[in-house]
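Colleague: Predicted model and sequence follow; I will ask about them next.
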Amino acid sequence: MDLEKDIKLPYEVYKGGVIRLFEKRVVVVPADFIASINEEVLKSKLGLKGAQSVRRQIGFEAAFEYAKNYGKNLKFDKNLDCNCKIIMEKYLEMAHARGWGDFFIEELDFDKPCIVVRIENSLEAESLGKTGVSSCQYWVGGVAGILKYSLEKCINHNHPKVSIDGREEKCVSKGDEYCEIVVERTGKNCMTDELMD
Ligand SMILES: [Zn+2]
């Protein structure tokens, strides 16, 4: 994502300890802080599966809310796919600007529906290290949240109530070269065109 070229100074710092990024108030925390929440708080209290599930849900809720707020400024009567794509791109741009890594949309098909996002330099994977399990649960939920909003909003896709699910297909923490999030209709393999209706 060529954010560095497009936005020279995304952060605005105000008096009184207020930092804004694209008009949203943000805070800066060290990567260790995120790792500590993920590993020492959530995993120790909830176990691996429970911690992954909670992090997915946090990502989902935050992204869905982001899409609702951002979507208010867009018209959805024309170019529906285009507007939903814009929301997804802006969401990933925000993540990039906040230092979560570099995000690339590899596939985005609202009709299947399916989205594949590659993440390089994922903060979650880097801070948790080579654990052998998937680390980037916030983005599994986050990408799903944006797709869910898009499907509900874009009525011409004709499947607003379709059930979707996400997973991290590849993760640096599992030894892969990069991380890859896949969100698709439940029961479908979005890497092929074989639809299981
Ligand atoms: Zn990962």
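Modeller: Arrived safely.
Colleague: Show me what secondary structure element comes after the longest helix seen in the chain.
Modeller: Identified as the longest helix of the chain according to DSSP state H is helix 44-71. For helix 44-71, the succeeding helix or strand toward the C-terminus, using DSSP states H and E, is helix 80-97.
Colleague: and the angle for the helix or strand following that following helix with helix 80-97?
Modeller: Reading on from helix 80-97 to the C-terminus, the next helix or strand found by DSSP H and E is strand 102-109. Interaxial angle of strand 102-109 relative to helix 80-97 (axes from the mean of the first three to the mean of the last three CA atoms, to 10 degrees): 160 degrees.
Colleague: which neighbours does the helix or strand following strand 102-109 have in its sheet, and in what orientation?
Modeller: As assigned by DSSP H and E, the chain's next helix or strand after strand 102-109 is strand 114-120. Taking DSSP bridges as the criterion, strand 114-120 sits next to strand 102-109 (antiparallel), strand 179-185 (antiparallel) in its sheet.
Colleague: right, and those strands - which one's nearest residue 22?
Modeller: Closest to residue 22 of the strands paired with strand 114-120, according to CB to CB: strand 102-109, at 15.3 Å. Every C-beta, even on glycine, is put in place using the N, C-alpha and C of the backbone.
Colleague: and the strands paired with strand 114-120 as a markdown table, adding distance to the ion, mean neighbour count and mean pLDDT?
Modeller: Putting the strands paired with strand 114-120 into a markdown table (distance: least, CB to the ion, whole Å; neighbours: other CB atoms under 10 Å; pLDDT from 0 to 100) gives the following:
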| stretch | distance to the ion | mean neighbour count | mean pLDDT |
| --- | --- | --- | --- |
| strand 102-109 | 12 | 16 | 94 |
| strand 179-185 | 3 | 23 | 95 |
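Colleague: Any figure for the gap between residue 30 and the ion?
Modeller: Separation of residue 30 from the ion (CB to the ion, to the nearest Å): 19 Å.
Colleague: what about residue 86, neighbour count?
Modeller: 15 (other CB atoms under 10 Å).
Colleague: Ramachandran coordinates for the closest residue to residue 28 other than its chain neighbours?
Modeller: Nearest residue to residue 28 in three dimensions, chain neighbours excluded: residue 19, at 6.8 Å (CB to CB, 6 or more residues apart in numbering). For residue 19, the backbone dihedrals (degrees, to the nearest 10) come out as phi -120, psi 130.
Colleague: for residue 110, same thing?
Modeller: The phi/psi pair for residue 110 (degrees, to the nearest 10) reads phi -80, psi -20.
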